[in-house]
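**Q** Quick one, fold the following:
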Amino acid sequence: MQSTIVIIAEHIEGKLKAITFELAALALTLQQHKPGVVKAVILGNDMEETALKLSRTTGLDVMGIEVPGLVSYHGEVYKAILSKLLGELQPAYVCIAHTNQGLDFAPGLAVGIDAACITGVEQVFHENKCIYFSRVTYNGKIIATVTAEIEPVVVTLQPGRFKPHFSKNSTAGLVELRTLPYLPQTSRSLGIRPAQTDDAGLAEARVIVSAGRGIGKKENLNLLYRLAELFPKSSVAGSRLVCDMDWLEKQRQVGITGNTVAPELYIACGISGAVQHVAGMGDAGFIVAVNTDPNAAIFNVSDICIVEDLTTFIPEVLAAYKEKKEAKHE
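**A** Next comes the predicted model:
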């Protein structure tokens with residue numbers, strides 16, 4: 001009997017998010033280790049067009065679950081409907097995004113279908129007839145290898161870890177549409193208030209100088225701004241903690257809950273390297289990290305690692321630049 005691998009597509013009002021295609025890539029990797037059928041499931045108010053697009057792009061069979069009135073995500077609805085649906089499909093693996101939305105319903109869904117739950121997966125491999133998953137712990141200092149003792153398994157995928165590669169000439173999969181009305185019993189949505197769309201120029205910046213809690217105090221941000229001024233088309237960003245402390249505006253946050261950026265140069269100052277932050281900047285062309293902790297996780301993804309206090313390092317860089325500039329004009 002063939003196994004089934006299900007991905008739960010993530011979208012915002014019908015617009016598919018990039019992580020959905022990464023989930024498809026993960027499912028196809030799992031399929032290599034555990035042959036079976038891969039199926040995508042998407043929930044929403046009017047899902048036909050979105051389901052067709054997902055099917056055409058990935059070549060997967062897609063089940064569109066139309067829930068009248070479900071304009072935006074609702075955790076209670078997702079858990080209730082998916083628990084029933086997955087009971088029918090009997091999947092071996094359920095792949096969900098390791099995002100705010102996915103983390104909201106994945107653990108409850110795992111409980112609802114009596115499944116194992118492995119979160120924050122970054123890699124998958126097969127050894128001795130067993131499938132293993134890699135995930136980081138302790139802010140990236142340790143890589144744990146995990147396997148499930150039972151099936152089904154709910155897996156949440158860390159964004160940016162699986163690159164989707166789908167042929168433009170691939171045949172679209174089958175699309176099945178169902179209507180499943182459901183009225184939440186314990187909570188109701190009061191609507192969504194859009195966040196500021198201004199990303200402080202991070203999307204267009206060629207160079208980003210980013211601050212972490214390790215910069216010590218808000219006043220030290222001035223050093224980062226001065227460093228950024230050395231580069232054309234640059235911007236200053238920060239980690240979630242820096243933005244939570246109001247040292248920087250929320251629109252400057254980089255990470256899973258902030259912006260995803262891919263500048264040519266990313267300079268991380270006082271950033272520990274939590275996986276949530278790395279997921280937002282891991283595609284940068286060249287990464288320089290400045291940190292006083294030689295064991296900081298950020299060094300694992302950096303091209304140049306500088307173990308130094310930024311209040312010492314940045315002034316030295318600024319002075320060297322000034323000296324070179326003055327010598328050039330003599």
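**Q** just checking, what packs against the helix or strand of the chain with the lowest mean pLDDT?
**A** Ranked by mean pLDDT, DSSP states H and E, the weakest helix or strand in the chain is helix 275-281, scoring a mean of 85. Judged by 3 or more Cβ pairs under 8 Å, 6 or more residues apart in numbering; DSSP states H and E, helix 275-281 is in contact with no other helix or strand. Any C-beta I mention is one placed from the backbone N, CA and C, and that applies to glycine too.
**Q** now residue 144, which residues is it bridged with?
**A** residue 135 (DSSP bridges).
**Q** So it is in contact with residue 123, correct?
**A** No - the pair residue 144 / residue 123 is not scored as a contact, 11.1 Å apart, by Cβ atoms under 8 Å.
**Q** Helices along the chain, start to end?
**A** Remark: helices assigned in the chain by DSSP state H are 18-33, 48-58, 75-89, 100-112, 221-228, 240-244, 275-281, 310-328.
**Q** and the shortest one, which residues are buried?
**A** By neighbour count, and taking 16 or more other Cβ atoms under 10 Å as the criterion, the buried residues in helix 240-244 are 240-243.
**Q** Distance to residue 30 and pLDDT added to the residues you listed, as TSV?
**A** TSV is the format used below for the buried residues of helix 240-244 (distance: Cβ to Cβ, whole Å; pLDDT from 0 to 100):
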residue	distance to residue 30	pLDDT
240	30	92
241	34	93
242	37	95
243	35	93
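**Q** Turn these into JSON lines, columns for distance to residue 2.
**A** Shown next, in JSON lines, are the buried residues of helix 240-244 (distance: Cβ to Cβ, whole Å):
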{"residue": "240", "distance to residue 2": "42"}
{"residue": "241", "distance to residue 2": "46"}
{"residue": "242", "distance to residue 2": "49"}
{"residue": "243", "distance to residue 2": "46"}
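**Q** shaky segments in the stretch 51-200 of the chain?
**A** By pLDDT under 70, the low-scoring segments of the stretch 51-200 of the chain are 139-140, 169, 194-200.
**Q** Nearest spatial neighbour of residue 42, chain-adjacent residues omitted?
**A** residue 9 (4.0 Å; Cβ to Cβ, 6 or more residues apart in numbering).
**Q** go on, residue 165?
**A** Leaving aside its chain neighbours, residue 165 sits nearest to residue 25 (7.1 Å; criterion: Cβ to Cβ, 6+ apart).
**Q** Residue 301 too?
**A** Excluding the flanking residues, the one nearest residue 301 by Cβ to Cβ, 6+ apart is residue 278, at 5.7 Å.
**Q** quick one on the thing from earlier: deepest-packed of the helices of the chain, please.
**A** Ranked by mean neighbour count, the helices of the chain are led by helix 275-281 with a mean of 24 (mean count of other Cβ atoms under 10 Å).
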